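Enquirer: Provide a 3D model corresponding to the input given below.
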Amino acid sequence: MRPFHYHDGQREVQREANSLKAADKLSTWVGPVADYANEADLIVLASADANTLHVAALSGPAPLATATADEGEITVSLPGDLATLLPLDRPWGGIVINPATARRSRVAGRPTPNGPRIDIPCTVAFTNCRKYMTPTASTGTSPLLGSMTREELALDDAWVVETIARGETAFLCTVTPDGVADVSHRGGQPGFLRYDPAARSMAWTEYLGDGMFVSTGNLRQSPRFALVVLDYASGDALRLDGEATYTNVRRDRHERVDALLQANEPFPVQGALEARVHTATRLVRFCHPRQRVERRSRITSADTTAVQHPQ
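Expert: Here you go, the predicted structure:
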């Protein structure tokens, strides 16, 4: 894999957070992307054109994807039916994730039809840390491609408000300056997502991460976003579309070199994201319903860096 190339928006946020050295170290970090893709029970993908962020999900028992790593090049192979939800003439970006084992990786590349499958030869592939994921497992017994249907909702609809209030797992979709979609995980305890339907505003705290600032850097270049919030019980998801701004809050005294830091609190503040919401959509059967894995605990910044590290 080629080193990850940071654009100006990402560099801007890294400078504000004093994390340039940490980001540079991670630019060549790939990690076990292929292994994590093969173990994922949820894959969320997006593709962007000038006016629309297309979002799709694949859920169910692993393996949902067939991923290979050959001489440093990673290819993720997915069901061809995804072409009914995502355009083939634009790059696909996404996240392969198994929250029960706290394993997730980001991938992106141009989709290439290959018989009944679609291959993504990855131009972007890196493994994220294990923090902030609520341990859940898919209840599905077969692969599900979602969403099945979409329902446009009023911004003050009761289900919208309730889903945000109890939300613990969300996916933030953003776009790079050259039009490549990115999908990142956002997680926390219920209430970490804050919503004011009357003001059409959305906000949440960005917790201490790895110092790359991929998603928030994208927002510096293009403020449009889609946030997908899972409803575990139904498998439906709430999609909010709008424009967002990111402000860095945490400024360490010393330059940050290490990607992972142990903090005195589980959810240390890194920054603040504030958004103007334009539309709300219910994605019906976005994924299989998910059940909590009670024997697992959420990994946070209060854990040691050895626990936070992908494993």
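
Enquirer: residue closest to the middle of this protein?
Expert: Nearest to the centroid of the C-alpha atoms of the chain, with distances taken as C-alpha atoms, centre = their mean, sits Ser184, at 1.7 Å.

Enquirer: in terms of contact, does that one touch Leu172 like I think?
Expert: Yes - using C-beta atoms under 8 Å, Ser184 and Leu172 qualify as a contacting pair, with a distance of 5.1 Å. For glycine as for every other residue, the C-beta is placed from the backbone atoms N, C-alpha and C.

Enquirer: intersection of neighbour lists for the two?
Expert: Counting by C-beta atoms under 8 Å, 6 or more residues apart in numbering, the contacts common to Ser184 and Leu172 are Ser215.

Enquirer: which helices and strands sit right next to the helix or strand harbouring Leu227?
Expert: Assignment of secondary structure by DSSP states H and E places Leu227 within strand 224-230. Applying 3 or more C-beta pairs under 8 Å, 6 or more residues apart in numbering; DSSP states H and E, one finds that strand 224-230 makes contact with strand 53-59, strand 169-175, strand 237-248, strand 269-284.

Enquirer: okay, those, which one's buried deepest?
Expert: A comparison of the helices and strands packed on strand 224-230 by mean neighbour count, using mean count of other C-beta atoms under 10 Å, puts strand 169-175 on top with a mean of 25.

Enquirer: per-residue confidence averaged over that one?
Expert: Computed over strand 169-175, the mean pLDDT rounds to 98.

Enquirer: strands paired with that strand, and their directions?
Expert: Applying DSSP bridges, strand 169-175 is found paired with strand 181-187 (antiparallel), strand 224-230 (antiparallel).

Enquirer: for Arg285, which non-adjacent residue is closest in space?
Expert: In space, Arg285 comes closest to Met148 once its chain neighbours are excluded; the distance is 4.0 Å by C-beta to C-beta, 6 or more residues apart in numbering.

Enquirer: can you give me the neighbour number for that neighbour?
Expert: By the other C-beta atoms under 10 Å criterion, the neighbourhood of Met148 contains 12 residues.

Enquirer: on that earlier part again, so who does the residue nearest to the centre of the chain touch?
Expert: Counting by C-beta under 8 Å, 6+ apart, Ser184 makes contact with 95, 106, 128, 171-172, 174, 214-215.
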